[in-house]
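> The following comprises the amino acid sequence and a computationally predicted model.
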Amino acid sequence: MGVKEIFETMEYGPALETASEAMAWIAAHEGRFGHFIDGRFTKPGAVFATRNPATGEALAEISQGSQADVDAAVAAARSAQGKWAGLGGHGRARVIYALARLVQKNARLFAVLETLDNGKPIRESRDIDIPLVHRHFYYHAGMAQLMAAELPGREAVGVCGQVFPWNFPLLMLAWKVAPALAMGNAVVLKPAEYTSLTALLFAEICVQAGVPKGVVNIVTGDGAVGEMVVSHAGVDKVAFTGSTEVGRKIRVATAGSGKSLTLELGGKSPYIVFEDADLDSAVEGLVDAIWFNGGQVCCAGSRLLVQEGIAEAFYAKLRARMDKLRVGNPMDKGVDVGAIVDPVQLERIRGMVAGSEGEVYQPECDLPEGCYYPPTLITGLESANPLMQEEIFGPVLVSTTFRTPEEAVAVANDTRYGLAATLWSENVNLALDVAPKLVAGVVWINGTNMFDAAVGFGGVRESGFGREGGWEGLSAYTKPSGKQKALKPQEKFSGEAGVVEGLDRTAKFYVGGKQARPDGGYVRPVFGKGGKVLGQVGIAGRKDLRNAVEAARGAKGWAGASGHLRAQILYYIAENLEARSAEFASRINDLNGGKAGADEVAAAVSRLFTYAAWADKFGGDVRSVPIRGVALAMREPVGVIGALCPDEAPLLGLISVMAPAIAMGNRVVLVASEHGPLSATDFYQVLDTSDLPGGVVNILTGSHAELAPVMASHMDIDAVWSFSSSDVSGVIEAQSATDLKRTWVNDGRARDWFAAEGEGRAFLEAATEVKSIWVPYGE
Ligand code: NAI
């Protein structure tokens, strides 16, 4: 018999990892775990079982947290936080470095425990999850060390409530804990109810690493405990990873509370194969895209788009590869696809596939008893098919074809999500042309599911907001240093709607580069100090807002204009404003009843210069990643931003909001200061003479309180900012849950528009999204 025949007749021999160390660790805790609060484990209370999904056996008993447990954890975090922040960057870096070392030293125990509890192949927990965990702690030890030098004027947010899912239990913990601790915060963690064991082992590691008591607290239990954590009044910041449905609930639950929020939610990420791709590599990539962790991955490449000419050949190769995938005991080192996390999830997958309209392919494989589902390919679906739109969260790949790159982009973006995208092509021009057009937070070229602590991860649209990893991941865990002043409501001057001096002029809106009458025909007088009528302004309603948004949508060419062109236009606006400074100054003096009009105009001109300067400088950067290649962190405009302008500085406030947004390529719908709207309406004439394309800036006047909810629930607005002195933060955040648009609200905090806090990076960051594009190179 030749070697070839011997190989063909050889039986597959399993290579089982031993569970003995992990089981001994569970036994050392007598199989029952309490919470980890203020540096020690509590006595187990009401408990529930956590099971090994591969066998159905109970592994241990976990405590169901109560309100009292959450209160105790938040109190411990609160009292520990100041001292932890006060330890300084180097002090914290040493502790976080110790965490990294200890996770590394215990890597095998963590990996085995993760696989037992979650069902993912040991190959993945050992080679991917746990190495990424210690990498995350190393990287953020460095961030703690650099904080004082690199993030001047920023400090810890305080107590962070962090809730995470079962698909990457320890990795999601690390993504949240490492940056929080690095920046000087204390945390209260709520792991997923199916998979709490590695978090509890991490608690022990915290003690060994010298994390001061109370800095890390862990309360276990189900979604009800998660709800208690996110809505606790003592929590300053909430970070959540999980389903879009729960993300939406958390957006509503935290609305108006002043808590900052980041959400990393679901996805239906496209995986695009162009006809010039290296097809064998693209097939292998799919194994990592959709069969990694059994497809229970938020960024799984679950929607395959293949160029028509190669579709049949590609599917044939893919089916042949699927036939070779090994499904089975996740503790076997040769297994590719492990168990589904829970019978509930298995039933969900079965139900979704059963209703399929496409052609279903499943290789013949002997599935072991228990929570297993075979690798599945469904072809011939239309983009609108529910299976192409809904997250399945299982080893199920759905597919359609496309003809041209334009069609590929259109189909890829035909989703409410925007987490990740993958594309395969040997043509670098095509790949780098398509990547920026994909609506996603992360794009992988000729590779997939690559992650690193140095590269931001997170989504757009209903995949959530905020980034984890990289410099951009730190902003959620810091806030401006020092005490915040409360914003006082700005009373409008009142008077009697009498005679307007001179000719009666009713200021219109500015929509699509033209003046527009209010749809409802309602106007109101604007009074100066002493009740003098200064003019009339329109009161915008729902229809006016809709028209303005439509005009803004239509001006999409602005996003593609060069930074140089945008800078030139901003300089030109400044020049034209300065030419009329006397007129604007006197208007401001009339509106405010003060004398500082000239200073405000000068500050507005300077601010326009600031953002003209930034327009071609706030670009992205290149991250060094542990692959042969680079990851680009590209700054992209958010899209259409609706903003309620500050009431207190009618011209400077409007320009401070408009200029950073348009400098970064956004289009805006601004609602002018309610107190002094006439400065905004005069400003149209400056815009008209400054070569700004119509629709890039649209200005309405009207009631902030009435327009805020309409803006926040408008599906064609991508972000809402509010600097209004009306109390609208809560309603904006709650209504934004409709499509999970970005919000930036002042929460009643005053901002001095004349000072440094009135401009700069915070505005530029809010005006952009970071897209991470991974570009491996070489043969
Ligand atoms: P989930 O979103 O319900 O759970 C994630 C975490 O949130 C868990 O720790 C859970 O206890 C907690 N939670 C649940 N309700 C909460 C609430 N109202 N307030 C605060 N915390 C709450 O996800 P689940 O039920 O585990 O999975 C359901 C589906 O969600 C999956 O089939 C999948 O489609 C999707 N999913 C997406 C993930 C992602 O990474 N994007 C991760 C996990 C699930």
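Received it, and whenever you're ready, just let me know what you need. Residues are numbered from 1 along each chain as shown.

> all contacts plus neighbour counts: C-alpha atoms, from now on.
Will do.

> Name the residues of the stretch 351-500 of the chain found near the ligand, please.
With C-alpha under 6 Å from any ligand atom as the criterion, the stretch 351-500 of the chain meets the ligand at residues 391, 392, 393.

> I'd guess the last one is in a helix, am I close?
No: inclusion of residue 393 in a helix is not indicated when DSSP: H, G, I helix; E, B strand; the rest coil is applied; the result is coil.

> Now do the same contact list for the residue nearest to it when sequence neighbours are not counted.
Nearest non-adjacent residue to residue 393, counting by C-alpha to C-alpha, 6 or more residues apart in numbering: residue 296, 4.6 Å away. Residues in contact with residue 296 (C-alpha atoms under 8 Å, 6 or more residues apart in numbering) are 167, 393, 394, 395.

> and what of residue 143?
93, 179, 182, 183.

> what about the first one, how many neighbours?
Pointing back at residue 93 there. 26 (other C-alpha atoms under 10 Å).

> Surely it is in contact with residue 147?
No: counting by C-alpha atoms under 8 Å, residue 93 does not reach residue 147; the two are 10.0 Å apart.

> what about residue 24, neighbour count?
Residue 24, neighbours per other C-alpha under 10 Å, totals 12.

> is it true that it lies in a helix?
Yes: residue state for residue 24 (three-state DSSP) corresponds to a helix.

> now it: how far from residue 605?
Per C-alpha to C-alpha, to the nearest Å, residue 24 is found 69 Å from residue 605.

> need the residues of the protein near the ligand, please.
163-165, 167, 190-193, 222-223, 226-227, 241-243, 246, 249-250, 265-266, 297-298, 391-393.

> Mind doing that once more with 5 Å?
Residues of the chain found near the ligand (C-alpha under 5 Å from any ligand atom) are 164-165, 191-192, 222-223, 226-227, 242-243, 246, 265-266, 298, 393.

> nearest to residue 108, of those residues?
Of all the residues of the chain next to the ligand, residue 191 has the smallest distance to residue 108: 20.5 Å, by C-alpha to C-alpha.

> pretty sure that closest one is touching residue 161, no?
No: Residue 191 is beyond contact range of residue 161, at 11.0 Å (criterion: C-alpha under 8 Å).

> quick revisit: for the residue nearest to residue 393, give me the pLDDT.
Note on residue 296: pLDDT of 96.

> before we move on, back to that, need the contacts of residue 143 in JSON lines (columns: pLDDT and secondary structure).
As requested, those are exported to JSON lines (pLDDT from 0 to 100; DSSP: H, G, I helix; E, B strand; the rest coil):
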{"residue": "93", "pLDDT": "98", "secondary structure": "helix"}
{"residue": "179", "pLDDT": "98", "secondary structure": "helix"}
{"residue": "182", "pLDDT": "98", "secondary structure": "helix"}
{"residue": "183", "pLDDT": "98", "secondary structure": "coil"}
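
> For those residues, which single residue is the most surrounded?
Highest neighbour count within the contacts of residue 143: residue 183, with 34 neighbours (other C-alpha under 10 Å).

> Number of residues surrounding residue 201?
Residue 201: 18 neighbours (other C-alpha under 10 Å).

> Revised request: answer the last question for residue 457.
Residues within reach of residue 457, counting by other C-alpha under 10 Å, total 26.

> can you redo the contacts of residue 296 as a markdown table with distance to residue 200, neighbour count and pLDDT?
What follows is the contacts of residue 296, written out as a markdown table (distance: C-alpha to C-alpha, whole Å; neighbours: other C-alpha atoms under 10 Å; pLDDT from 0 to 100):
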| residue | distance to residue 200 | neighbour count | pLDDT |
| --- | --- | --- | --- |
| 167 | 16 | 25 | 96 |
| 393 | 26 | 25 | 96 |
| 394 | 27 | 28 | 97 |
| 395 | 29 | 26 | 98 |
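
> How is this protein divided into domains?
28-265+473-480, 270-457, 506-627+637-750+762-767 (the TED database).

> Help me confirm that residue 72 comes into contact with residue 39.
No: here residue 72 lies out of contact with residue 39, judged by C-alpha under 8 Å, at a distance of 11.7 Å.

> Run through the stretch 501-650 of the chain and note the low-pLDDT ranges.
501-504 (pLDDT under 70).

> same thing but at 90, please
Along the stretch 501-650 of the chain, segments meeting pLDDT under 90 span 501-507, 520-521, 528-533, 592-594.

> Ok, the stretch 351-500 of the chain next?
In the stretch 351-500 of the chain (pLDDT under 90), the answer is 355, 365-366, 369-370, 482-484, 488-500.

> Let me see the contact set for the residue in it that the ligand sits nearest to.
Closest to the ligand within the stretch 351-500 of the chain is residue 393: 4.9 Å, counting by C-alpha to the nearest ligand atom. Residues in contact with residue 393 (C-alpha under 8 Å, 6+ apart) are 295, 296, 297, 298, 349.

> Just put these in JSON lines and tack on secondary structure.
Shown next, in JSON lines, are these (three-state DSSP):
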{"residue": "295", "secondary structure": "helix"}
{"residue": "296", "secondary structure": "coil"}
{"residue": "297", "secondary structure": "coil"}
{"residue": "298", "secondary structure": "coil"}
{"residue": "349", "secondary structure": "helix"}
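
> Which members of the residues you listed are the farthest-apart pair?
Largest separation among these by C-alpha to C-alpha: 298 and 349, giving 14.9 Å.

> Going by how many neighbours each has, rank these two and give me the top one.
Per other C-alpha under 10 Å, whichever of residue 298 and residue 349 has more neighbours is residue 298, with 23 against 19.

> Surely that one and residue 267 touch.
Yes: assessed by C-alpha under 8 Å, residue 298 is found in contact with residue 267 at 5.5 Å.
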